[in-house]
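Undergrad: Predicted structure and sequence below. I'll ask about it afterward.
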Amino acid sequence: MKFLILHGWGGSDAPHWQAELASEIAKNYGTVSFPLLDNCHFPSKNRWMRQVKKILEDFKPDTVICHSLANNLWMWLCQEEDIQEIKRLFMVSVPSLTTKEKTIKTFFPCPLPKSLYANEIHMIVSNDDPWVALDEAKQIANQYNAFLTVLENAGHINTDSGYGKWKYIENLVLEIQ
């Protein structure tokens, strides 16, 4: 299995759960790509799309794990309809499709693509994420028949809300029972 981990606005360096997950995948002899996307503190949708398209073409992942803005990036990539289908997609802390934030404005509004090009979709959200209302997150999950997990009081499911090493996502991604 090949795992591609895509961070959101500002990156996901240690001790963020994505950095911990990349390490755990490697420790279990998995093949992982965890690229730092271009200018992560001032992202451009078009630059990120070009970069990730190249990674997808070269790396050919089976599983993609997105956090925050990377989810919207994935949706934009799926609008192009020339994306290769993957086995599993993990969408953690999907921001509102109508987010209004100057620094990341090129990503919004974000239309829902016809398909997310994944055989299996897992969405993990928090009931108190400041970047999306729970009802909107549920609607997005329903649109794609995604498995939905709602965490209680987990904020944006990042380092600030206490999500460094996170066994739940590690077990889910690595398919540990």
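TA: Thanks, I have it. Numbering: from 1, shown residues only.
Undergrad: Please enumerate the strands of this protein.
TA: With DSSP state E as the criterion, the chain has strands at 2-6, 31-33, 63-67, 86-92, 118-126, 147-151.
Undergrad: can you map out the helices along the chain?
TA: 17-27, 45-59, 69-79, 134-143, 167-173 (DSSP state H).
Undergrad: Pick the most buried one from those.
TA: The highest average neighbour count among the helices of the chain, using mean count of other Cβ atoms under 10 Å, belongs to helix 69-79 at a mean of 23. Yep, even glycine has a C-beta here, placed from its N, CA and C like the rest.
Undergrad: Now do that helix, average pLDDT.
TA: What helix 69-79 shows for mean pLDDT is 98.
Undergrad: Against which helices or strands is that helix packed?
TA: strand 2-6, helix 45-59, strand 63-67, strand 86-92 (3 or more Cβ pairs under 8 Å, 6 or more residues apart in numbering; DSSP states H and E).
Undergrad: Same list, the ones you listed, but as TSV with distance to residue 108 please.
TA: Listed next are the helices and strands packed on helix 69-79 as TSV, based on distance: least, Cβ to Cβ, whole Å:
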stretch	distance to residue 108
strand 2-6	17
helix 45-59	9
strand 63-67	16
strand 86-92	16
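Undergrad: so which of the ones you listed gets nearest residue 73?
TA: helix 45-59 (5.4 Å; Cβ to Cβ).
Undergrad: Strand 63-67 and that closest one, what's the angle between them?
TA: Relative orientation of helix 45-59 versus strand 63-67 (axes from the mean of the first three to the mean of the last three Cα atoms, to 10 degrees): 160 degrees.
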